[in-house]
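Student: coords below, sequence missing:
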């Protein structure tokens, strides 16, 4: 979605948003999603409109762009929802995201800059039991990724696990 571009983390790890994504820009991005979904259907996976490290704004964006996202899903595309950290527990946030969007979202755990710890990922999977989990911002070439995937396979052997391919 490009939501990471609006966020800057301070030296103490707190997010700031000096470059907020406008309504018009979200609509432009969703129009691209729509064109891709029409062409690729179930071969496409997109990230839902979100705000990095901000549960409240993410839920607002899910509700605001609910209709546009539903059209994209109607083409067979799959939608990842970054499970943002914040005031409510990750599982609660995920259930709220499902309700706000009205869609069957795939949970995506933000892993970049250690946003989500292994214990949090494992606890989320044990509570939610997703059929699929995406590790956002983590590529399998990293030993940490292989270790986490191994742990996930032990507690949820039938769950599909996907990762970003972020090798440069």
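Tutor: Noted; the coordinates are in hand. The structure displayed is predicted, hence computed values, not measured ones.
Student: use CA for all of it now, contacts and neighbours both
Tutor: OK.
Student: Could you check how far residue 154 is from residue 77?
Tutor: Distance from residue 154 to residue 77, counting by Cα to Cα, to the nearest Å: 29 Å.
Student: Looking at these two, which is more packed in?
Tutor: Neighbour count, other Cα atoms under 10 Å: between residue 154 and residue 77, residue 77 has more, with 23 against 9.
Student: Flag the shaky bits of this protein, pLDDT-wise.
Tutor: Along the chain, segments meeting pLDDT under 70 span 113-114, 165-168.
Student: Would you map the helices across it?
Tutor: With DSSP state H as the criterion, the chain has helices at 23-40, 55-64, 66-74, 90-101, 118-128, 143-155.
Student: So which bits of the third one are buried?
Tutor: Buried residues in helix 66-74, counted by 16 or more other Cα atoms under 10 Å: 66, 68, 69, 70, 72, 73.
Student: Of the helices of the chain, give the one that comes closest to residue 162.
Tutor: For residue 162, the closest of the helices of the chain is helix 143-155, at 9.2 Å, according to Cα to Cα.
Student: For the closest one, buried residues please.
Tutor: So helix 143-155, judged by 16+ other Cα under 10 Å, has buried residues 145, 148, 149, 152.
Student: The third one and residue 161 touch, don't they?
Tutor: Translated: residue 149. Yes: look at residue 149 against residue 161 with Cα atoms under 8 Å: they come within range, at 7.4 Å.
Student: Buried residues of stretch 45-63, list them for me.
Tutor: So stretch 45-63, judged by 16+ other Cα under 10 Å, has buried residues 45-53, 55, 58-63.
Student: Return the member of those residues nearest to residue 93.
Tutor: Closest approach to residue 93 among the buried residues of stretch 45-63 (Cα to Cα): residue 55, at 7.2 Å.
Student: residue contacts, the closest one?
Tutor: Applying Cα atoms under 8 Å, 6 or more residues apart in numbering, we find residue 55 in contact with 84, 85, 86, 87, 93.
Student: roughly how far apart are it and residue 103?
Tutor: 17 Å.
Student: cool, residue 143 as well?
Tutor: 33 Å.
Student: try residue 111
Tutor: Where residue 103 is concerned, residue 111 sits at a distance of 23 Å (Cα to Cα).
Student: higher neighbour count, these two?
Tutor: residue 111 (20 against 17).
Student: just to revisit the earlier point, which of the contacts of residue 55 are buried?
Tutor: 84, 85, 93.
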